[in-house]
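Engineer: prediction below, plus the sequence it came from.
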Amino acid sequence: MPEEIWKVVPGHERYEVSDAGNVRSAGRYDHLGKWREPRLMTKRRDKDGYLSVILAGKDMRVHRAVALTFLGPSLLPHVNHRNGIKSDNSLANLEWCSISDNVRHAIDTGLIVYGKDLNARRSKGWIQAEKSGFGLMLRGRQDLIAAGMNPSTVTSCLKGRRNTHRGFTITRVSPQNL
């Protein structure tokens, strides 16, 4: 098994994080000049199920520490666990992503069961837009806008008030048919 790679956590120079998702205090000399060996930090599970540690008196989620240290800062706000396991904070399992990418990944991997989560009333599912053999699968307002469609007009098509929008026939696709 390859040895862990340790790097200093940005903004927390007294702590190091490994590519395997472990966190330790950095080796240092104390105020008396005595050498203190690096010590693994105790990880605890927070209210959302993620592992966190206390660095300089503040909570920090381990997956964010690994991503900041090894992947660098990102404009994307979330860190996605590729395999969906919140306690697997290895570098190979983490990636920066947008909020919508994170939610889609959770739905696609079964972490959020379609129609059973707290926001099920708002979760409408996938929309299919078809035009002379060309089809689009869209989900959510941002996808509709990116495809050049007006979300209000698409809603009118889905409710039967209009037949088409920009030449596309709009239908809702159930999750079982994906």
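Structural biologist: Yes, it's here.
Engineer: show me where the chain has its helices.
Structural biologist: Under the criterion DSSP state H, the chain contains helices at 62-66, 99-108, 141-146, 151-158.
Engineer: give the residue spans of the chain that score low on pLDDT.
Structural biologist: Residues of the chain that meet the criterion pLDDT under 70 lie in 1, 113-124, 175-178.
Engineer: again, only using 50
Structural biologist: Low-confidence segments of the chain (pLDDT under 50): 116-121.
Engineer: ok, now which residue in it is the farthest from the centroid?
Structural biologist: No residue in the chain sits farther from the centre than residue 32, which is 44.0 Å out by Cα atoms, centre = their mean.
Engineer: wait, residue 8 touches residue 15, no?
Structural biologist: Yes: between residue 8 and residue 15 a contact is recorded at 7.3 Å, counting by Cβ atoms under 8 Å. Every C-beta, even on glycine, is put in place using the N, C-alpha and C of the backbone.
Engineer: shared neighbours of the two, anything?
Structural biologist: Here residue 8 and residue 15 have residue 26 as joint contacts, going by Cβ atoms under 8 Å, 6 or more residues apart in numbering.
Engineer: ok, the two, which is more surrounded?
Structural biologist: Each of residue 8 and residue 15 has its neighbours counted (other Cβ atoms under 10 Å); residue 15 has more, 21 against 13.
Engineer: tell me the contacts of the more buried one?
Structural biologist: 8, 9, 23, 24, 25, 26, 41, 55, 56.
Engineer: from those, pick the one nearest residue 75.
Structural biologist: Using Cβ to Cβ, residue 9 is the member of the contacts of residue 15 that lies nearest residue 75, at 19.9 Å.
Engineer: how does this protein divide into domains?
Structural biologist: For the chain, the structural domains run 6-108, 126-177, going by automatic domain parsing.
Engineer: what's the end-to-end length of the longest one?
Structural biologist: Pointing back at domain 6-108 there. Start and end residues of domain 6-108 are separated by 33 Å (Cα to Cα, to the nearest Å).
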